[in-house]
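Asker: Would you be able to build a 3D model of this:
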Amino acid sequence: MGISTDGQICYGVLVEDKELPWGEEYDWDIEDWWLDMQGYKPPFRLYDEKGEYLDGKEPPRSKIEQYYREQREFIKSHPIPIEEVNYCSAEFPMYILAIPRTCIFAGRGFPEAFNPADLVVSDEERQGLIDFCNTYGIEFDGEPQWWLSSFWG
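Answerer: Okay, the predicted model is just below:
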C-alpha cells in the first residue's frame, strides 16, 4: 500500500480554516448534509441514533442495497452543486469548494489529458458558486478562480 499524490485543477474558492455547514454535526460528510438540506427522507430506517443497526441485527443484504440505492437516486436527481476538493492531505484536509464540472484529477502514474480551452467558466456558474456559499453561510477569501493543487493521501 502506498501514498497517493494526486494532481488536481478546479475553479472555486478557498475555504481553509473556515467553518463548513457539514462539519462535526454531519461528521464532515457533505453528502449527508446535502440530503438533510434537501429534505430527503429514507424509505425506512436501518440505523438507530448511535448508528447501529436497529435491534442490533443486520438486515438482509437486499434491504441494505435498496436503502442506499434510493439515497443514490435522490442525490442523482438533486446533485450537490459544488465539489469539495481537498488540496492538502487526508490527515490535514484543506478545502476548495469548486464547480463540479471544472474538477480534473490525475493520480500519480495516471496522467489525464485535457484541453486548456475548456478551462472556461460562465458568469452564471461563477455566480451560482457565490450564491451557494452565501446561502449556506460559507465564508471564503478572495474571489473564485482557477486552482492547481495536489493531494497527499
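
Asker: How about the lengthiest helix in the chain, which residues are buried there?
Answerer: Longest helix of the chain, by residue count under DSSP state H: helix 61-77. Neighbour counts over helix 61-77 (16 or more other Cβ atoms under 10 Å) mark 66, 67, 71, 74 as buried. Any C-beta I mention is one placed from the backbone N, CA and C, and that applies to glycine too.

Asker: Now do it: distance to the chain's middle.
Answerer: Put simply, helix 61-77 sits 18 Å off its chain's centre (Cα atoms, centre = their mean, to the nearest Å).

Asker: ok, now stretch 127-144?
Answerer: Once both centres are worked out by Cα atoms, centre = their mean, stretch 127-144 turns out to sit 15 Å from its chain's centre.

Asker: residue boundaries of the helices in the chain?
Answerer: 30-37, 61-77, 123-135.

Asker: mean confidence score for the second one?
Answerer: Confidence for helix 61-77, expressed as mean pLDDT, is 96.

Asker: which among the buried residues of helix 61-77 gets closest to residue 34?
Answerer: Closest approach between the buried residues of helix 61-77 and residue 34, by Cβ to Cβ: residue 74, at 9.6 Å.

Asker: give the contact list for the closest residue in space to that closest one that isn't next to it in sequence.
Answerer: Closest residue to residue 74 apart from its sequence neighbours, by Cβ to Cβ, 6 or more residues apart in numbering: residue 40 at 5.2 Å. Listed by Cβ atoms under 8 Å, 6 or more residues apart in numbering, the contact set of residue 40 reads 71, 74, 78.
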